[in-house]
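Novice: Give me a model of this one.
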Amino acid sequence: MKSIVQKSAIPYSKVLVVKRLEELNFDPNLHLHPEYQLFLVLKGWGTRFIGDNIKPFNPGDLVFTGPNLPHLWRNDPADIKKLSKTLGIVIYFPQNFLGDIINTKEELENIRLLFENAGRGLEIHGKTNKVVSKMMQELLHAKGATRIIILLQILNTLAESTECHPITHVNYIPINNRTESDRMNKIYHYIMKNFKHKISLEVIADLINMTPTSFSRYFKSRVNKSFSDFLKELRIDYARKLLNENKISINSVSYDAGYTTLSNFNKQFKEVTGKTPLQYRNEYLKIRTESI
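Specialist: Below is the predicted model of the structure:
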């Protein structure tokens, strides 16, 4: 497993870079770079890792990350097996995009605070998500100075919004050495490959040369939740996706999400969502029908 990858995304001759990504899989390795990044998922499902936060993503997921915040978007294994392409739009721009004036001019105070908050990563919701997503599409086709103008409009929209929420915990400790980045990559890779099966604490601890007790402490310090709670939430989030598709029975969903008994699946699903799997599916289908 590779260690954390450091990237530089912007040629010296450009102010910013915007790309439309169309690949079988988003970047599979935890990585970081010195630029700010705004990333929109157009097509694809899976799990994203940002700092100490691990969460499912789906189309419409929009995230703004600050410099050197480790991240990756790992696609659902089912999508990869189907050779279904993922689509996204990514914008990179440098830390010194606005130079020193951002620290001295009151007109830029909101954007300065936005950049500061982006250090924890920001998840963008609601109307702001729709407005910014549309502007990102426009930026793809813009040329010359118009690109800079649209980027400033995007940043101003984000800076004035109340729909941008921090992703990492306030006490997040950045990954700052190769040994730790190797560990986290190994952990993420193993969990995503095996979460549908029984995962032995002893096996995953041995993977990074720790005792089970040491691993449990380490994992909680990095992810701010116990390994068992994280695994439970990952499986339940995957089960939600299957329930939303409404193609297989709840018993099959339980098995596919890694549960050996339906009763345990029902119990853990309700612990995480507050609903039984049947209630969740019925409510989702009702909302989807009413929106058609």
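Novice: quick one: L278 and N251 touch, right?
Specialist: No: assessed by Cβ atoms under 8 Å, L278 is found out of contact with N251, at 11.1 Å. No exception for glycine: its C-beta is placed from N, CA and C like everyone else's.
Novice: those strands in this protein, which residues are they?
Specialist: 5-6, 17-23, 31-32, 36-43, 46-50, 53-57, 62-65, 71-75, 86-93, 122-124, 164-166 (DSSP state E).
Novice: and those, which one is worst for confidence?
Specialist: Within the strands of the chain, confidence is poorest for strand 5-6, with a mean of 48 (mean pLDDT).
Novice: Give the full set of residues in contact with the spatially closest residue to H197 that is not a sequence neighbour.
Specialist: Leaving aside its chain neighbours, H197 sits nearest to G258 (6.2 Å; criterion: Cβ to Cβ, 6 or more residues apart in numbering). Taking Cβ atoms under 8 Å, 6 or more residues apart in numbering, we find G258 in contact with F195, K196, H197, K198, R235, Y238.
Novice: and the last one, what does it touch?
Specialist: To tie it back to what came earlier, the one meant is Y238. By Cβ under 8 Å, 6+ apart, the neighbours of Y238 are P56, D76, F195, K196, D256, A257, G258.
Novice: distance between the longest helix along the chain and the chain's centre?
Specialist: For the chain, the longest helix by residue count, based on DSSP state H, is helix 227-245. From the chain centre to the centre of helix 227-245 is a distance of 15 Å (Cα atoms, centre = their mean, to the nearest Å).
Novice: For the chain, which element, helix or strand, carries the lowest mean pLDDT?
Specialist: The helix or strand of the chain with the poorest confidence is strand 5-6; it has a mean of 48 (mean pLDDT, DSSP states H and E).
Novice: between the longest helix of the chain and strand 46-50, how big is the angle?
Specialist: 140 degrees (axes from the mean of the first three to the mean of the last three Cα atoms, to 10 degrees).
Novice: picking that back up, who wins for proximity to F265 among the strands of the chain?
Specialist: F265 lies closest, by Cβ to Cβ, to one member of the strands of the chain: strand 53-57, at 17.4 Å.
Novice: Which pLDDT does the model give T146?
Specialist: 96.
Novice: gap between it and K247?
Specialist: According to Cβ to Cβ, to the nearest Å, T146 and K247 sit 44 Å apart.
Novice: neighbour-wise, which of those two wins?
Specialist: Legend: neighbour count by other Cβ atoms under 10 Å for T146 and K247, higher for T146 (12 against 9).
Novice: check contacts around the more buried one.
Specialist: Per Cβ under 8 Å, 6+ apart, neighbours of T146: none.
Novice: cool, V253 as well?
Specialist: A239, L242, L243, F265, P277.
Novice: What of D237?
Specialist: Residues near D237 by Cβ under 8 Å, 6+ apart: T47, K55, P56.
Novice: Out of those residues, which is nearest to N209?
Specialist: Among the contacts of D237, T47 lies closest to N209 (Cβ to Cβ), at 24.7 Å.
Novice: so how many other residues sit close to that closest one?
Specialist: 20.
Novice: shouldn't it be in contact with D61?
Specialist: No: counting by Cβ under 8 Å, D61 is not a contact partner of T47; they are 10.9 Å apart.
Novice: Kindly indicate which of the contacts of Y238 lies nearest T128.
Specialist: Nearest to T128 among these: P56, at 20.5 Å, using Cβ to Cβ.
Novice: Quick check, that closest one in contact with G46.
Specialist: Yes: look at P56 against G46 with Cβ under 8 Å: they come within range, at 7.1 Å.
Novice: Between the two, tell me which one has more neighbours.
Specialist: Remark: of P56 and G46, G46 carries more neighbours, 24 against 17, as counted by other Cβ under 10 Å.
Novice: and that one, what are its bridge partners?
Specialist: F57, N75 (DSSP bridges).
Novice: so where is the stretch 101-250 of the chain shaky, pLDDT-wise?
Specialist: For the stretch 101-250 of the chain, the stretches with pLDDT under 70 are 174-178.
Novice: Kindly recompute the last result at 80.
Specialist: Applying pLDDT under 80 to the stretch 101-250 of the chain flags residues 170-182, 185, 223-224, 246.
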